[in-house]
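A.B. asks: predicted model, plus sequence, below.
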Amino acid sequence: IQDDGSVVMHLSDGSVLRGRLPEGVSVSEARKLAGKCIDLKGAYRQLAREPGQAAFSIIAVYNPETGVAEFFEMLAMAFGSRAAVYAFNAVARAFQYMLVNVFGIVSANYYDDYPIIELASTAESAGSTAVDMLRLLGWEVKEETVTAQTAQAFDALGVVVDLAETGR
């Protein structure tokens with residue numbers, strides 16, 4: 001972000017994107033970013049499996065008290081199953097698409113985690129919008145990510161995203 005309000009982004013393929021800050025956004029405001037990571041609660045357990053797959057959704061669990069295996073029908077996608085990973089990733093990507101294209105929130109996703117980055121002045125609003133969107137769609141979000149404040153440094157799956165230097 002240049003002092004005159006122009007924005008220049010150098011992409012990894014060598015191309016350059018150029019633009020201007022929107023009206024009403026100052027250079028100093030645009031240079032201060034904040035974010036947080038929003039995490040779904042028990043994400044795979046929130047995604048039902050296909051009813052026609054019931055016969056393939058039986059698991060056996062050894063019960064040490066009775067000494068025998070007990071059988072259960074899984075009603076949700078099987079965590080770790082290749083097909084469940086692909087199916088869940090499609091849903092997760094749809095959520096990320098909505099955050100970016102419907103609400104204009106800079107977001108990524110890695111499975112059930114959604115790191116978001118926003119102007120510091122509007123970051124809390126963006127975080128609550130993202131949580132509200134997921135809840136409106138019927139999904140549970142981990143409470144600790146709901147109550148976490150946006151910050152210039154936040155953790156996303158063990159990676160610390162530090163935005164403190166973005167003002168330079």
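C.D. replies: In hand now; what should we look at? Residues are numbered from 1 along each chain as shown.
A.B. asks: mind giving me the packing neighbours of the longest helix seen in the chain?
C.D. replies: For the chain, the longest helix by residue count, based on DSSP state H, is helix 82-101. Judged by 3 or more Cβ pairs under 8 Å, 6 or more residues apart in numbering; DSSP states H and E, helix 82-101 is in contact with strand 106-107, strand 113-119, helix 123-136. For the C-beta atoms, the positions are set from N, CA and C on the backbone; glycine is no exception.
A.B. asks: what are the contacting residues of the next helix or strand along the chain from the last one?
C.D. replies: Put plainly, it is helix 123-136. With elements assigned by DSSP states H and E, the helix or strand that comes after helix 123-136 is helix 143-147. With contact meaning Cβ atoms under 8 Å, 6 or more residues apart in numbering, helix 143-147 is reached by 36-39, 41, 131.
A.B. asks: just stretch 98-107 next, same as before
C.D. replies: 96, 114-118, 126, 129-130, 133.
A.B. asks: list just the nearest of the residues you listed to Ser28.
C.D. replies: Using Cβ to Cβ, Glu118 comes nearest to Ser28 of those, at 15.5 Å.
A.B. asks: so what's the closest residue to the closest one other than its chain neighbours up against?
C.D. replies: In space, and not counting its chain neighbours, Glu118 is closest to Ala126: 4.1 Å by Cβ to Cβ, 6 or more residues apart in numbering. Ala126 sits next to 103, 105, 116, 118, 150 when contact means Cβ under 8 Å, 6+ apart.
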